[in-house]
Structures are given as structure tokens and as C-alpha cells.
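**Q** For reference, the sequence and a predicted model appear below.
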Amino acid sequence: MADHDTKDALLKKGKVCKDPSVFYPPPSISNTQVSLKQMSVILAAYLTMGTVCFSLIQDQISGEKTNKILDAIYFCVITMTAAGYGDVGPETRLAKSLACIFVFTGLALGGLVLSKAADYIVERQEMLLVKAIHMHETYGPNDKLKEAATNKAKYKFLTVLTLILFLMTLGTLFLALVEKLSYFEAFYCVCATITTLGRRVLVHWALNRKLTIQDLENADLDDDKVVSAAEYIVYKLREMGKVSNEDIAVVVEGFKNLDVDCSGTLTVNDLKIIESFEAQC
């Protein structure tokens, strides 16, 4: 009775039973298998093309070199996965342009591969569930539902693409007009930020950009209107993301606890006073 009700429910949804005596996998499973094979071919072509391109411009990529082909494969993989270890990086406009193209293509390709793999696993589980309840039937696709799902996917894609392009344009204009970067460097910086390709370009920008009055005020940790070398170093490290405000606060608090004579410096006398106090306690 339960099996009969389930079959009726499926038939009402537009499913068509062809042969109840033989089980055929749903068409989507075979389509997914084909898609996975296609994705594998595309991935191999992507890695091959990336290896060839980056091996030809290896002299335009900074970092320690080992083997030409191996280095090209390594740079292609870390670009595709947006790992960005910082040990290698593009130096010229051609290398940076290729990096931008390959990182976006690689992220999209990786997302497609993971999506197809997830669809395949889910559909395999559905097949096992159908087998478990002895429903030896095959069902044709529901054209209306398939068309609606396709339109929904297209709408999501266009929405996300529009949002990304808007943010990239806004970020590029801000860096070019406010931070005085060239439009190319600003665009590359935005690409590196969005894809988490690496902070190498951001570190270079933080170290070489023009210092402003606001920067001096922010770097003046003790509010004495003077920025010492130590304060400047701390400010730049914080700007590059190497240390956080919490880390700095902990270190400053430890310094104040050691500076018992409040001279602003640490001397042997400070340590002797601390040892003397601890001995009395």
C-alpha cells in the first residue's frame, strides 16, 4: 500500500514509469558522469595551458627558482587554488594579467568540479534509496521543473556576477583615486583581495605608499606628537596585517610592567628593582 501511494505521488509530479521489472539509473546520473569526465579534461587542459604560459614568462615571476616546468606547475596550482604563500609572485604587467585570468578561471573551474562531484554523490544516494524501497522504475525528467531550475541558476549567476563586477569597479576606483595607484595596479590589487590570491601586492603597497598626516597620528602610540622608529615599524606591521591591535596592546602592557621607574626605557636598574621587590615578597 505504501509503495503504491509513493508511485502515485511520483506519477503526479510528472514522472513516467517505463518498465517496472528492470531498474535503469536516472538519466541525470549518466549526464553527471559525462560532466565529470568533461571537467577532468578541462582541468587537465587548464593545468597544461597554465604550465606552458608561466614557464614562458618565468623570468617575470619573482621568487626562488628550482626547475622550470616544476616551478610553472607550482605557480599554476597556487594561482588556481588562490593559496598565495607569498614565496613567488608576478612582477610584470603581463605576468599579473595572466595571474588575474588564471585565478578567476581556476576558482570557477574548481567550483564547477566540486558542484558536479556533489551532484553525483547526491544522485548516487538517491539511486540507493530507490533500490532500497524496491522501486524498479525509471522516471523521465520534468521539463517544467528543469526549465525553472535552469532559469533560477542563471538568475543567481547573473546576480553574483553583477555584484562582483560592481565591487571590483568600486575598489579599483577607490585605490586609483584615493590611494593614487595606477589603474592597472589597483585592478590587480582588487583581484588579489577578492580571490585571496595573496597579500604580496598589498604588502608592497603598504611599504611604498605615500605617508600622510593621518598616518603619523595613527602611528603615534604614546601621543607625544613624535613617531619613533619603533612606532613606525609597529604601524607598518599592523597595516600589512602582520600583527593585530590586540597583540600590540599585550606587548605594550608587558613593557609598562617592566618599566618600573616610568622612564620609557628598560634598563638593568628596572630588572634589579623587580628582583628586589620579588625577594621581599
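**A** On my side now, so go ahead. Numbering: from 1, shown residues only.

**Q** longest helix of this protein?
**A** Identified as the longest helix of the chain according to DSSP state H is helix 93-132.

**Q** buried ones in that one?
**A** 95-96, 98-100, 102-107, 109-110, 113, 116, 119-120, 123, 130 (16 or more other Cβ atoms under 10 Å). C-betas here are computed from N, CA, C, even on glycine.

**Q** which sections of the stretch 101-250 of the chain are below the confidence cut-off?
**A** 126, 129-153, 156, 195-210, 240-241 (pLDDT under 70).

**Q** now the helices: where do they sit in it?
**A** 143-177, 183-194, 200-208, 213-219, 229-239, 245-258 (DSSP state H, counting those that start in this stretch).

**Q** So for L56, which of these sits nearest?
**A** Closest of the helices of the stretch 101-250 of the chain to L56 is helix 183-194, at 19.8 Å (criterion: Cβ to Cβ).

**Q** What is that closest one packed up against?
**A** helix 93-132, helix 143-177, helix 200-208 (3 or more Cβ pairs under 8 Å, 6 or more residues apart in numbering; DSSP states H and E).

**Q** tell me the angle that helix makes with helix 93-132.
**A** 30 degrees (axes from the mean of the first three to the mean of the last three Cα atoms, to 10 degrees).

**Q** Okay, buried residues for helix 183-194 please.
**A** Neighbour-count burial for helix 183-194 [16+ other Cβ under 10 Å]: E185, A186, F187, Y188, C189, V190, C191, A192, T193, I194.

**Q** cool, stretch 59-69 as well?
**A** I61, G63.

**Q** quick one: terminal-to-terminal distance for that stretch?
**A** Using Cα to Cα, to the nearest Å, one end of stretch 59-69 lies 13 Å from the other.

**Q** please begin residue numbering at 34 from this point
**A** OK, 34 is where the count begins now, so the last one is stretch 92-102.

**Q** What's the mean pLDDT across that stretch?
**A** Average pLDDT, stretch 92-102: 83.

**Q** Now do the domain split for the protein, please.
**A** Domain assignment for the chain, taken from automatic domain parsing, gives 47-172, 175-230, 246-313.
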